[in-house]
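> Predicted model and sequence below, questions to follow.
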Amino acid sequence: MAEVEIQATSRALADISIHSNDGEGETRPGRPIRGVATGKVVAKTRPLRLKGINRVPPDENQPPPPARDGAEDRENRRPLSILDEAAAAEQLKEENALIRYRRCWERSWAPSFGSFEDETSIGPMRYTSGPIPANAFPEETLQIFSIRVRAPTDGLKWPLHVHGYVATRDTADHNRNYLFRRTRDNCQTVTQKDPFLQLTGPSRGIVYLDPITFEIELKVKGQGESEDEMLAFSVFYYGDGFHCERRISICNPHKRCTLEYSVALRQHSVEATISIKVVDGSWPDNHRGQVVCLTSGVKGKIVLLGSGDGELPICSNGMIELSRRVVSVELGEKLMVAVDASLSSFLARGTAAFKPENSGTSHGMIDLGTCKMQVTVAWSRFVII
């Protein structure tokens, strides 16, 4: 009963379209995902707000305006009232659906997994060292490549100062596994030139045995907290039975933007946790840096550390502070980790390649000339509670 109610709630919250992605930036229509929630798009009309009218003293030499019976005023006011009521009704419908979703989650999972807001307690590298439990296996997982903000509307314009979160829940422990999380004091400036959210997760592999829940609450920062505007607010499901190893795009429309998720299912995969350390020399002066990884089984790069405008964040012990560390890799394919150093049009790249393992660690070296880096990958299987 709880599962049926969750799915019904989701259908009232999202209208999702799917595109297969055959290369960088190219999409084409694909098969629908069975079990992913569908429903009506939230009204695109924003409630009108009258912020005040400049009043000019009347000219005593001008004749007074003709008397009006109020019918025209009532006619002019009617669209405003209708729009306000429609927007309020949609917002109430959305909030009520999320309240029902939360209540259903709490009835089903709170006794075993705690508070609705709790973050997943399962960390990466659980079975990298030591004995591997008999119930630890390679699993089917969902790899998140990127989340892109498209077509801000309803009064929102680039750039957007975004805070809030995007999280998933899966069969492993049903708690939140954050993909993006920013406080209002540390919001991300999203621009038309760079419309991608800077992901910091998942903190562990996302296991796909049952439909995966996506929870979204993103706001745009205003001058004061009371003037913050909702950018995206909903729940949807990556549903049953859709097996596509190619990278696909899931377009999830909201009232004020569309979020595009670039994802791929990874069959018979293990969890790879990546770390990089400068072991000789130093990072080249004034060079921007970027760290990405790729797999031989699916097109598309996974950004572990964005380039931005500055040098790589390197700790005093030489460790590079990656934004993301965990990816899913199928056994039998190859994982490549690449570090880019760029200055104007000059680009230096070093790459280390790895063969996935069921457990243990693998090491590789990257030589950029001015410095050498050691790349370590910790492998782990999954255990489903």
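All right, it came through fine.
> With just CA atoms, put stretch 223-232 into CSV.
The C-alpha trace of stretch 223-232 is given here as CSV (Å, rounded to 0.1, in the frame of the first residue of the first chain):
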residue,chain,number,x,y,z
GLN,A,223,18.3,40.3,-1.7
GLY,A,224,16.8,39.0,1.5
GLU,A,225,15.8,35.5,2.6
SER,A,226,12.1,36.5,2.3
GLU,A,227,12.8,37.3,-1.4
ASP,A,228,14.3,33.9,-2.3
GLU,A,229,12.4,32.3,-5.2
MET,A,230,11.7,28.6,-5.6
LEU,A,231,13.5,27.2,-8.7
ALA,A,232,12.5,23.5,-8.5
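> hmm, who's touching it?
Stretch 223-232 has contacts (CB atoms under 8 Å, 6 or more residues apart in numbering) with 149, 152, 155-156, 160, 162, 164, 184, 216-222, 252, 254-257, 259. Just so you know, the C-beta spots here come from the backbone N, C-alpha and C atoms, and that holds for glycine as well.
> For the stretch 101-250 of the chain, give me the ranges with low pLDDT.
Residues of the stretch 101-250 of the chain that meet the criterion pLDDT under 70 lie in 240-245.
> Show me what counts as buried in the helix or strand that Val278 is a member of.
Using DSSP states H and E, Val278 maps to strand 258-281. Of the residues in strand 258-281, 258-267, 269-274, 276, 278 count as buried by neighbour count, 16 or more other CB atoms under 10 Å.
> Tell me the helices and strands packed up against that strand.
Secondary-structure packing of strand 258-281 (3 or more CB pairs under 8 Å, 6 or more residues apart in numbering; DSSP states H and E): strand 139-150, strand 248-253, strand 298-305, strand 326-330, strand 335-343, strand 371-380.
> how about Asn317, secondary structure?
Following DSSP: H, G, I helix; E, B strand; the rest coil, Asn317 is assigned to coil.
> Look at it and report its pLDDT.
According to the prediction, Asn317 has pLDDT 95.
> give me every residue that touches the closest residue to it other than its chain neighbours.
What sits nearest to Asn317 in space, not counting adjacent residues and going by CB to CB, 6 or more residues apart in numbering, is Lys277, at 7.5 Å. By CB under 8 Å, 6+ apart, Lys277 lies in contact with 317-320, 373-374, 376.
> same thing but at 7 Å, please
Counting by CB atoms under 7 Å, 6 or more residues apart in numbering, Lys277 touches 318-320, 373-374.
> next one: Ile212
Shown in contact with Ile212 (CB under 7 Å, 6+ apart): 142, 168, 170, 206, 237-238.
> if you set the cut-off to 10 Å instead, what comes out?
36, 141-142, 168-171, 177, 206, 236-239, 263 (CB atoms under 10 Å, 6 or more residues apart in numbering).
> I'd like those as TSV, with secondary structure and distance to Pro284 appended.
Below are these laid out as TSV (DSSP: H, G, I helix; E, B strand; the rest coil; distance: CB to CB, whole Å):
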residue	secondary structure	distance to Pro284
Val36	coil	46
Thr141	strand	36
Leu142	strand	36
Thr168	strand	37
Arg169	strand	42
Asp170	coil	40
Thr171	coil	45
Asn177	strand	35
Ile206	strand	35
Phe236	strand	43
Tyr237	strand	45
Tyr238	strand	41
Gly239	coil	47
Val263	strand	34
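> for the residues you listed, which one is nearest Phe382?
Among those, Thr141 lies closest to Phe382 (CB to CB), at 7.6 Å.
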